[in-house]
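Asker: A predicted structure for the sequence below; I have some questions about it.
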Amino acid sequence: MTKTNRQTTAALAVLILLQGVMLSALYAGIPPHPPEATPLFGIAPFIGAATAIALAAILVDPLASREGRWLSLLAAVLGLVSFGPQKFLDAQFGLIWPAVILGQLAAFVIVANLVKALRSQDAGAVQLSPEGGAA
């Protein structure tokens, strides 16, 4: 496993753990916890889906395949729904800031490593002509 792959896997694990803690706080009723529902969806099913996608990204190798990269990107985006910049305006930000900052850092690591992986893949895709030069 490469360093970049380990970093991405660690960032996905951070999102899984943060979302698991928030879901546990919701179930236990321990503040600060997320609301039970939003106008668009219930929080528990959303967090369940987000953690499942992050775990799936880890299992299929987050950077090695197209599926892994898409799952990693989706996990980062879903993580930002819970921990994104909009949380700086949340009334409870003073209580949740460690999770918000860590969630944003994890999403940044995932996206940065995805970009790095795609760039190295594109650089490796340069085809050579029969004469040995670039086609």
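Answerer: Cool, the structure landed.
Asker: Without its sequence neighbours, what residue ends up closest to P34?
Answerer: Distance criterion CB to CB, 6 or more residues apart in numbering; nearest residue to P34, sequence neighbours excluded, is I43 at 4.7 Å. C-beta: built from backbone N, CA, C; applies to glycine.
Asker: how close does the one you found sit to A25?
Answerer: Distance, I43 to A25, using CB to CB, to the nearest Å: 11 Å.
Asker: Overlap in contacts, the two.
Answerer: Jointly contacting I43 and A25 under the rule CB atoms under 8 Å, 6 or more residues apart in numbering are P34.
Asker: Please point out which parts of stretch 110-129 sit buried.
Answerer: Neighbour counts over stretch 110-129 (16 or more other CB atoms under 10 Å) mark I110, V111, N113, L114, A117 as buried.
Asker: if I pick the last one, what's in contact with it?
Answerer: Read it as A117. Counting by CB under 8 Å, 6+ apart, the residues that A117 touches are T4, L63, R69.
Asker: Many thanks, I have nothing further to ask.
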